[in-house]
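>>> can't give you the sequence, but here's the structure:
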């Protein structure tokens, strides 16, 4: 079964656990069952924003050094009790920050703005601006939504609920999960692993699952190891199914002679929801319902177990918990390392993703993850999802990556196709050898074959895009970094800097193609520059300097060829480039 279809079926079957009431103090980490709004403003009274004196604005309006205002101190506001009537005209009351504003008085004058004695306050300057009085609801307004149904109640949200006067809230009941490890070969961690004889395997999957489920707020219990025996499995599953909302097992879900987990559950009356998935790693999978309880069987291979948990089991757990969203975000990420093999099924490749700025991501695939090396995935924070039928992908290709360190944002897994990075080929040779002639001929022939190309010409002696004084020249001279000249048939970009590095120019060409057509070129031909680590097409004698990389084809200088010979040479080069694109990064054609 296809991965996205399997997840849709699982989430359609799963429903949230019942609601229970808990105190706000015990609500942290629980899943809210309903939206909760503040029933009253916080604070519910006017309060002082400064330490100072409550007084009347009208008494202070004309204060000046020549005509200072003297106010009698006739009272004080006490924190935590009703404030009383307040000062009359010509009077002031002391107040501290947060104290309730009395009925009389419309300004708090800070201590540092007055000259005071025990009985009098002297103000010798006009008092204007902020009254230093916080209105009701300054912290939380009445009706403000504090919690959204399906979200985890954070410590801050719990504090806001309490401040609003709520003592209890509705939350989803904790999901009770039992973990069973299956496999006759499994043993618990020995005192000294160096003394473990050949054959036994230390049980580790259950430890990872226990930690991840606990982090999700589940009530988790490890139920031990069960051998690959149908009767032992039946007894263990029967006991577990009566005590837990969800039973997760590891191992025994493939098609081997001893893989009996799914058959044992079906014999017990469970109804299969999803079986084996077209996924590598993680394809061996089983999910079923037994009345209102769930059972999920994961692979015994660690990297497969963890991949299926993140992609399928975790979303089910979140849905049962009542979480608002169940699927982590997918981001298109640029490959820092190639995918060297074509994919015959959905692949989930462990990787380390980095944000590179502007919302863009790069991902490095982790060594050994393709062959089940558990240690290789310890630093993983993403799963690159490669669609079936994808050819080998060179570095700089873009692939969808499930971000394992991000909060869930949706309820569906929609996996876009990878964007294969274009092959970048240099076209080199001495000036006057005919590089542009060969380049234009190759581009024409590749285009005729349906191959999308981009071409870059190096102009070390300069060039003129538009005449001096033109609109684009004036805008560039004014300081615009990039000027786009959009005409009825073409668009030109004028960039106010020299870009000499071929890789940066190729990257620019890729982004322009993506922005203009929504797709990438299959090939970028860079005429000129130096290409020490890149395949090249050599036209005429080699130019002095750094030797180029692998030479795919050598063409005599165009001036040495007649029209028929030139046409044959250009066709030969186009065929070589086309063959390279068809083979992909794992098998470039031999030089000829």
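Received it, and whenever you're ready, just let me know what you need. Model, not experiment: these values are computed from the prediction. Numbers count the residues shown, from 1 in each chain.

>>> quick one, helices of the stretch 201-350 of the chain?
205-215, 230-241, 261-267, 302-308, 314-321 (DSSP state H, counting those that start in this stretch).

>>> now tabulate the ones you listed in a markdown table and tack on mean pLDDT and distance to residue 377.
Every C-beta, even on glycine, is put in place using the N, C-alpha and C of the backbone. A markdown table is the format used below for the helices of the stretch 201-350 of the chain (pLDDT from 0 to 100; distance: least, Cβ to Cβ, whole Å):
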| stretch | mean pLDDT | distance to residue 377 |
| --- | --- | --- |
| helix 205-215 | 95 | 10 |
| helix 230-241 | 93 | 28 |
| helix 261-267 | 93 | 24 |
| helix 302-308 | 93 | 6 |
| helix 314-321 | 97 | 16 |
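
>>> indicate which one of those helices is closest to residue 143.
helix 314-321 (27.3 Å; Cβ to Cβ).

>>> need the residues that contact the closest one.
Applying Cβ atoms under 8 Å, 6 or more residues apart in numbering, the external contacts of helix 314-321 come out as 7, 10-11, 14-17, 31, 172, 175, 177, 212-213, 216-218, 245-246, 287, 294, 296, 325-327, 408.

>>> restricted to buried residues, select those in PyMOL.
A single PyMOL command selects the buried members of the contacts of helix 314-321 (16 or more other Cβ atoms under 10 Å):
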select buried, resi 7+10+11+14+16+17+31+172+175+177+212+213+216+217+218+245+246+287+294+296+325+326+327+408
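
>>> in strands, which of the contacts of helix 314-321 appear?
172, 177, 246, 287, 294, 296 (DSSP state E).

>>> determine which two of the residues you listed are furthest apart.
Most distant of the ones in strands among the contacts of helix 314-321, by Cβ to Cβ, are 172 and 287, 20.4 Å apart.

>>> show the pLDDT at the spatially most central residue of the chain.
Centroid-nearest residue in the chain, with Cα atoms, centre = their mean: residue 403, separated by 4.3 Å. The model reports residue 403 with a pLDDT of 97.

>>> likewise for residue 588?
39.

>>> can the helices of the stretch 201-350 of the chain go into JSON lines with extra columns for distance to residue 255?
Below are the helices of the stretch 201-350 of the chain laid out as JSON lines (distance: least, Cβ to Cβ, whole Å):
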{"stretch": "helix 205-215", "distance to residue 255": "19"}
{"stretch": "helix 230-241", "distance to residue 255": "16"}
{"stretch": "helix 261-267", "distance to residue 255": "10"}
{"stretch": "helix 302-308", "distance to residue 255": "14"}
{"stretch": "helix 314-321", "distance to residue 255": "23"}
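
>>> just give me the neighbour total for the nearest residue to residue 379 once chain neighbours are set aside.
Nearest non-adjacent residue to residue 379, counting by Cβ to Cβ, 6 or more residues apart in numbering: residue 352, 5.5 Å away. Neighbour count for residue 352, taken as other Cβ atoms under 10 Å: 15.

>>> which helix or strand contains residue 352?
Following DSSP states H and E, one finds residue 352 within strand 346-357.

>>> past the helix or strand of the chain with the lowest mean pLDDT, which element shows up next along the chain?
Lowest by mean pLDDT, DSSP states H and E among the helices and strands of the chain is helix 471-478, with a mean of 77. Downstream of helix 471-478, the first helix or strand assigned by DSSP H and E is strand 482-486.

>>> ok and the helix or strand that that next one is followed by relative to strand 482-486, angle-wise?
Scanning forward in sequence from strand 482-486 by DSSP H and E, the next helix or strand is strand 491-495. Strand 491-495 and strand 482-486 are oriented at 160 degrees to each other (axes from the mean of the first three to the mean of the last three Cα atoms, to 10 degrees).

>>> packing partners of strand 491-495?
The helices and strands touching strand 491-495, judged by 3 or more Cβ pairs under 8 Å, 6 or more residues apart in numbering; DSSP states H and E, are helix 471-478, strand 482-486.

>>> please redo it, this time with the cut-off set to 10 Å
Using 3 or more Cβ pairs under 10 Å, 6 or more residues apart in numbering; DSSP states H and E, the elements in contact with strand 491-495 are helix 471-478, strand 482-486, helix 502-517.

>>> residues making contact with that strand?
Contacting residues not belonging to strand 491-495 are listed as 465-466, 470, 472-473, 475-476, 480-486, 508, 512, 516 [Cβ atoms under 10 Å, 6 or more residues apart in numbering].

>>> buried subset of those residues, written for ChimeraX?
Selection of buried members from the contacts of strand 491-495 for ChimeraX, criterion 16+ other Cβ under 10 Å:
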select :472,473,475,476,483
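
>>> now residue 200, nearest residue through space, not along the chain?
In space, residue 200 is closest to residue 187, 4.5 Å off (Cβ to Cβ, 6+ apart).

>>> right, I mislabeled it, should have said residue 275
That would be residue 286: by Cβ to Cβ, 6+ apart, it lies 6.1 Å from residue 275.

>>> residues touching that neighbour, list them.
249, 252-254, 259, 261-263, 265-266, 270, 272-277, 295-299.
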